[in-house]
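A.B. asks: sequence and predicted structure, then a few things I'm wondering about:
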Amino acid sequence: MNIAVLGAQWGDEGKGKIVDLLTRHFSIVARYQGGHNAGHTVYAGGRKFVLRLLPSGILHEGITCIIGNGVVIDPQALFAEIDELDRAGIPAGDRLLISDKAHLILPYHRELDLLSEARRGERKIGTTSRGIGPAYEDKIARRGIRVGDLTNLDSLAEAVEHNVAARNRLIPDSTMDWRQVIDELKRSWDRMGRWVTDVSLFLSRARAEGRSVMFEGAQGTLLDIDHGTYPYVTSSNATIGGVCTGLGVGPRAIDGVLGVAKAYTTRVGEGPLPTELTGEMGNRLRESGQEFGAVTGRPRRCGWYDAVAVRYAVRVNGLDTLALTKLDVLDGLPELQVCTAYRCRGTVVPEMPGDFAQLSSCEPVYETLPGWSRPARGVRRFDDLPDEAKAYIARIEEITGVPASIVSTGSDREDTILREGSVAAEWFRR
C-alpha cells in the first residue's frame, strides 16, 4: 500500500507525529511540497524533534527519505537540520535522496520575502519570511535555479548574475554580490551532490520492486495555493494533486489518502478562521495545546472544530479516513461546539463558499456536545476513552463524512489509538 498523509485544515494538524507513527509500515517516505516553513514536530524516546525539510520518517532506521521536486530547498537550512540530527545520534545523510528538479532558495529570496511582506502593510499574508514564496515565484517565472543545475556551475553564472542584479534593484541598500552566491552554491553542491537523483525514476523502480511508499504533505488543504483560502495561502499545492506533480508519480501510485485534523481548529498567520475564539476559551486551547508555531514560535489562532472546512478537505483530496489529533486538549471542558455550517449574509451555507472572501463575514452555525471530565490524555485503547469523547468522535465522523481511523491522545509516539477494523487498520494488514 502507498498512502498519502496530508493536512485537512490550515496546517499544524500533527502530520509529523502521524507520519512518524506509520513509518514502520513503509520502505520509503517522500515529501512532495513546501519548504522549511513547515514544522513537523515528533516526540520519540523522550526527545522532541522539529523537522522542517526532512521527511518525518527520518527518525526510523533503514527508511529511505525523499525530498521531491515540489519542495523548495534552502541548502543551509537542510544542512543545519541534518547536523542537528547527527548530534542527536540519528544519521540522516545515508538515507536521503533529493530530486534533481527541486528548486533552491537563495539569499536574495529571503530578502525579497521580507520586503514583500513589509510592503503589503495591512494586507500582509503572514508568511514565515524564509524565501519560500519568492523561490516559487522564480520557479513559475522560469528563472529559478534547480538542484540539478549545480552540476555545471559555469553555465549558471550568467543566470545568477542576472537574478542578483534584478533583486538589487528591488531591494533598498542591497549590495549582494552574485559571485558570493555562486561560491555558496558550489559549497552546497559539494555536500549535497551525493544525495541528488531522478526521484521520479527512483520511485517508479521502487514500486516495481514492491517497496511501499508514504507520501508526506506539509501545511494543509486550506493553505493550498489553488484550493485554499486565497490569497492567505502558501505557495505550493498541499492537496493530493501535489503528490503527482511534486514527485513525478501517477495518480494510480496512491492507494489511499489519510487526512490529519485536530479535534479543534487552529491557524497561523492572516486570513479567515470562522470558528476563531479570541477570549478566554481561545487562550485555554492555545495554552493547553501548546499552540505555538514549531518553526516561528508564533501563537496560533484557535477555534472550535470546523466540520465544514474538513468536509471540504474530504472532497478536494478524496480522503478515505482521518487521523484525529489532540483530543486530550479538550479534557475537562464542560461542553464543546462543532461548526456544522456557516451563516453567510443571512443564509445558512452547508459547504465552503466558492468565494473565499465571504469567509471573513460568515458566522459559524454550532452544535453543542457534552464534554468529558475523565481524561483522554494518554489513553491507548478506543474503548477506554470517556463515553462523551467517543460520542464526540462519532458525531465528527458523521458530519465530516469519513471515519476516524486514528486518534491521538498525547504528544508521545505511543499515545495513539489505531482503531481495530478501521480503514487504516485494514491498509496495514495487507
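C.D. replies: Okay, I see it.

A.B. asks: the residue sitting nearest the centre point of the chain: what secondary structure?
C.D. replies: The structure's the chain has its C-alpha centroid closest to A218; by C-alpha atoms, centre = their mean the separation is 2.0 Å. Secondary structure, DSSP: H, G, I helix; E, B strand; the rest coil: A218 is coil.

A.B. asks: for it, give me its contacts.
C.D. replies: A218 sits next to 7, 11, 15, 31, 33-35, 37-38, 40, 236, 238 when contact means C-beta atoms under 8 Å, 6 or more residues apart in numbering. In short, each C-beta sits where N, CA and C put it, glycine included.

A.B. asks: nearest to I182, of the residues you listed?
C.D. replies: Nearest to I182 among the contacts of A218 is G35, at 21.7 Å by C-beta to C-beta.

A.B. asks: buried ones in stretch 35-52?
C.D. replies: For stretch 35-52, a neighbour-count test (16 or more other C-beta atoms under 10 Å) marks 35-44, 49, 51-52 as buried.

A.B. asks: that should have said stretch 244-260, apologies.
C.D. replies: 244, 246-249, 253-254, 256-260.

A.B. asks: picking up where we left off before, dump the buried residues of stretch 35-52 into JSON lines; add pLDDT and distance to F79 as well.
C.D. replies: Listed next are these as JSON lines, based on pLDDT from 0 to 100; distance: C-beta to C-beta, whole Å:
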{"residue": "G35", "pLDDT": "94", "distance to F79": "15"}
{"residue": "H36", "pLDDT": "92", "distance to F79": "11"}
{"residue": "N37", "pLDDT": "82", "distance to F79": "17"}
{"residue": "A38", "pLDDT": "74", "distance to F79": "17"}
{"residue": "G39", "pLDDT": "76", "distance to F79": "17"}
{"residue": "H40", "pLDDT": "80", "distance to F79": "18"}
{"residue": "T41", "pLDDT": "82", "distance to F79": "20"}
{"residue": "V42", "pLDDT": "85", "distance to F79": "20"}
{"residue": "Y43", "pLDDT": "82", "distance to F79": "24"}
{"residue": "A44", "pLDDT": "75", "distance to F79": "22"}
{"residue": "F49", "pLDDT": "85", "distance to F79": "16"}
{"residue": "L51", "pLDDT": "89", "distance to F79": "14"}
{"residue": "R52", "pLDDT": "91", "distance to F79": "12"}
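
A.B. asks: give me the below-cutoff pLDDT ranges for this structure.
C.D. replies: Residue ranges of the chain with pLDDT under 70: 115-129, 294-296, 430.

A.B. asks: next secondary structure after the longest strand belonging to it?
C.D. replies: What stands out as the longest strand in the chain, according to DSSP state E, is strand 335-344. Later in the chain than strand 335-344, the nearest helix or strand by DSSP states H and E is strand 347-349.

A.B. asks: quick revisit: give me the subset of the contacts of A218 lying in helices.
C.D. replies: K15 (DSSP state H).

A.B. asks: from the contacts of A218, which land in strands?
C.D. replies: Among the contacts of A218, the ones falling in strands (DSSP E) are 7, 31, 40.

A.B. asks: any idea how far the second one is from G57?
C.D. replies: The one in question is R31. 9 Å (C-beta to C-beta, to the nearest Å).

A.B. asks: next, show the common contact partners of these two.
C.D. replies: Counting by C-beta under 8 Å, 6+ apart, the shared contacts of R31 and G57 are 65, 216.
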